[in-house]
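Engineer: Provided below for reference: sequence and predicted model.
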Amino acid sequence: MYETMVKIRYYEESMVQAYAEGKQPVFNIGAGPVPGEMHLAAGQEPAAVGICAHLRREDTVTAPHRPHHHAIAKGVDLRWMTAEIFGKETGLGKGKGGHMHLFDPAVKFSCGGIVAAGVPHAVGAALAAQMQGKDWVAVAFIGEGAANAGAFHEALNLAALWKLPVIVVIEDNAYGISVPKQASTAVASNDLRASAYGIPGTRVADNDVVAMYTASEQAVKRARAGEGPSIIEIETYRYLGHFQGDPELYRDKAEVPALRERDPIDRLQAHLTENGVSASVLEELAARARAEVDDAYRFARDSAYPPAEAALADVFDA
Amino acid sequence: MATSTTRMLTGNKAMAEAIAQEMERDERVFVLGEDVGVYGGIFGSTEGLYARFGPGRVRDTPISETGFIGAAIGAAAEGMRPIAELMFVDFHGVCMDQIYNHMAKIHYMSGGQVKLPMVLMTAVGGGYNDAAQHSQTLYASFAHLPGMKVVAPSTPYDLKGMMISAIRDDNPVVFMFHKSLQGLGWMTQLDASVGHVPQAPYTVPLGKAKVVREGTDVTIVAIQMMTHAALEAAQRLEADGVSAEVVDLRSLVPLDKETILNSVRKTHRLLVVDEDYRSYGMSAEVAAVAAEEALHDLDAPIRRLAVPDVPIPYSRPLEQFVIPNAQHVYEAVIGLVRQ
Ligand SMILES: Cc1ncc(C[n+]2csc(CCOP(=O)(O)OP(=O)(O)O)c2C)c(N)n1
């Protein structure tokens, strides 16, 4: 888990750099090697890492518009993913999808730019597993803002009705773009909404990866055993803007530095050190993670752009 | 007054000014949508309104499009004049039932008894690599179903004047604004995104196209961003001795057939340019109008230029290939006049 957390953080920090290229001194969303919107998840690692530690290759994960941490935790090919974000031919989607639309069927990962749309997709994957008699589970990650969308409620009702092996992980980072959670729902926390579907709901406090791991273990076991869906909401922290370039006028400048004091990677490191893991072992894990990320960025940069006419292919299966 | 004739505004400020002036004039006007408050709209369409009118009349909503667009319909039926923002037109799938089956049809189904004086504004357009779910124009998806007016202005002047008309209209109006024409600091700065906008409120009629450049050899009917591509192409064509007339459609519903037909009857050639998908869209509609009513005035088959029926790809060379630009328009016209 430590290695994955470090890998995700370093991946996102590297993306901050790559995304800024060609956008300085004047910020232009369409310029540079990585154009378009960019939603990063630095600070939000525990949600993805805590639950994916229990998942197998055959388990499905659907992620929203902020998908890198989930993708990395699920084991999406890092080189191909990065190449996709750079719009290269070697990308997961041959450069057609981009950062919000990563598909890696080899590890059953997908994501998308329409808020809450991944929840019914995960329910469908869980339905397929149930119908095929497999003990596979499906996990849908969404933000707390997405829990106000119709798709979330309709999908959960179905999942509960059919006792499907699906887990909805809600990352409560306190904002849906600029709208604070209190201004978007009158419900105190989204685990409470589980009762509306007659399923268990848990809330993990303070972005704690160990607590997330523990809560997930129960939910995954339950799902594999055919006991149906559940909701886990985790209080998590978004260090960066909603997207890169977000002026963040909606939050206090002191907020992020205070959150960084409680950084989940530092805390995990302290926890591991206390439990006898040596500094050199941790540094080795971190170095390996960074090397893998550097290799992926190098691969992405070295890859070619697709030929323009490739735009016309893949609308239908041949 | 010198200031009133030269004042320049960006597209987003023109829109926000229109809304502010109407909110000032009419207490029933209010705004709701995601991030329309403190943020001022992701594309700046509500900039400054929250500070001026407060959270009661500039309402941030949860990510619940069916809920808040439906609520706008309900409020409009009670005599309010809501302006709801659907952040990107691409998200219309999650709330289309409210738009197509309710906003568009209630007036008709009630035998004309119920009025829905509301505006649904939404951002369209690509060109900055935001990929398949955030770059569509989808003009035709709205224009196809009867019961709502649909507009797509291409200048700050029209953004203000048509927004005021839309708010004052007693019918539901879908107001599609192009991200690239908002003049936002974080996008490529286009000359077209800044223009002369008078301070005092004024209206630009809905349902009227505009001849933005006179010409004699070919008519280019264009929508929104494509108007600017067409104007640029027309300038280059002039050097080749081709005189192109450019019609900015501005309103998709009602469609100003007269302006289209008058132009075609004058130039005898027609190219339609659309940033939406090619098939079953506005380009087909305009071509059909010309074919039905001015076929014998044409010296060459009608041509269409649009996105070639593929989702908008992410990678830059792919996106540039599918979205029409001035070069594409230029080439299409050359092909047309040489025929
Ligand atoms: C259906 C739909 N509506 C609106 C949007 C625009 N949008 C993208 S992300 C976002 C906020 C999401 O907030 P949350 O679910 O809390 O996730 P976070 O961004 O905080 O990770 C919004 C409104 C969208 N992509 N899809």
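Structural biologist: Yes, it's here.

Engineer: every contact and neighbour count from this point should use C-alpha atoms.
Structural biologist: Noted.

Engineer: list the buried residues in stretch B:283-291.
Structural biologist: By neighbour count on 16 or more other Cα atoms under 10 Å in any protein chain shown, the buried set for stretch B:283-291 is B:283-287, B:289-291.

Engineer: and those residues near chain A, which?
Structural biologist: Applying Cα under 8 Å from any Cα of the partner chain to the buried residues of stretch B:283-291, one finds that nothing falls near chain A.

Engineer: out of those, which comes closest to the ligand?
Structural biologist: When these are ranked by distance to the ligand (Cα to the nearest ligand atom), residue B:283 comes first, at 27.8 Å.

Engineer: contact partners for residue B:47?
Structural biologist: When contacts are counted by Cα atoms under 8 Å, 6 or more residues apart in numbering or on different chains, residue B:47 touches B:12-13, B:16, B:36, B:39-41.

Engineer: gap between the two ends of stretch A:146-153?
Structural biologist: This stretch, stretch A:146-153, spans 10 Å end to end (Cα to Cα, to the nearest Å).

Engineer: wait, does the longest helix belonging to chain A contact chain B?
Structural biologist: The helix that spans the most residues within chain A, counting by DSSP state H, is helix A:279-302. No. Judged by Cα under 8 Å from any Cα, helix A:279-302 and chain B are separated, with a smallest distance of 12.8 Å.

Engineer: show me the contact partners of that helix.
Structural biologist: Here helix A:279-302 makes contact (Cα under 8 Å, 6+ apart) with A:2-4, A:6-7, A:10-11, A:78-80, A:82-84, A:86, A:88, A:90-91, A:269, A:273.

Engineer: same deal with stretch A:157-169?
Structural biologist: With Cα under 8 Å, 6+ apart, stretch A:157-169 has contacts from A:47, A:119, A:122-123, A:126-127, A:130, A:136-142, A:197-199, A:219-220, A:222-224, A:226-234.

Engineer: can I have the buried ones of the residues you listed as a ChimeraX selection?
Structural biologist: The ChimeraX command for the buried members of these (criterion: 16+ other Cα under 10 Å) is given here:
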select /A:47,119,122,123,126,127,130,136,137,138,139,140,141,142,197,199,219,220,222,223,224,226,227,228,229,230,231,232,233,234
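
Engineer: next step: the contacts of stretch A:157-169 restricted to helices.
Structural biologist: The helices, defined by DSSP H, take in A:47, A:119, A:122-123, A:126-127, A:130, A:219-220, A:222-224 from those.

Engineer: turn those into JSON lines, including distance to residue B:220.
Structural biologist: Below are these laid out as JSON lines (distance: Cα to Cα, whole Å):
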{"residue": "A:47", "distance to residue B:220": "53"}
{"residue": "A:119", "distance to residue B:220": "45"}
{"residue": "A:122", "distance to residue B:220": "47"}
{"residue": "A:123", "distance to residue B:220": "48"}
{"residue": "A:126", "distance to residue B:220": "52"}
{"residue": "A:127", "distance to residue B:220": "52"}
{"residue": "A:130", "distance to residue B:220": "56"}
{"residue": "A:219", "distance to residue B:220": "60"}
{"residue": "A:220", "distance to residue B:220": "60"}
{"residue": "A:222", "distance to residue B:220": "63"}
{"residue": "A:223", "distance to residue B:220": "59"}
{"residue": "A:224", "distance to residue B:220": "61"}
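
Engineer: for those, which two are the farthest from each other?
Structural biologist: Using Cα to Cα, these span at most 25.0 Å, a distance reached by A:47 and A:130.

Engineer: roughly how far is the longest helix of chain A from the heart of the chain?
Structural biologist: 20 Å (Cα atoms, centre = their mean, to the nearest Å).

Engineer: with stretch B:319-329 instead?
Structural biologist: In terms of Cα atoms, centre = their mean, the centre of stretch B:319-329 is found 19 Å from the chain centre.

Engineer: still on that earlier bit, which among the contacts of stretch A:157-169 are in contact with the ligand?
Structural biologist: Contacts with the ligand are made by residue A:142 out of these, judged by Cα under 6 Å from any ligand atom.
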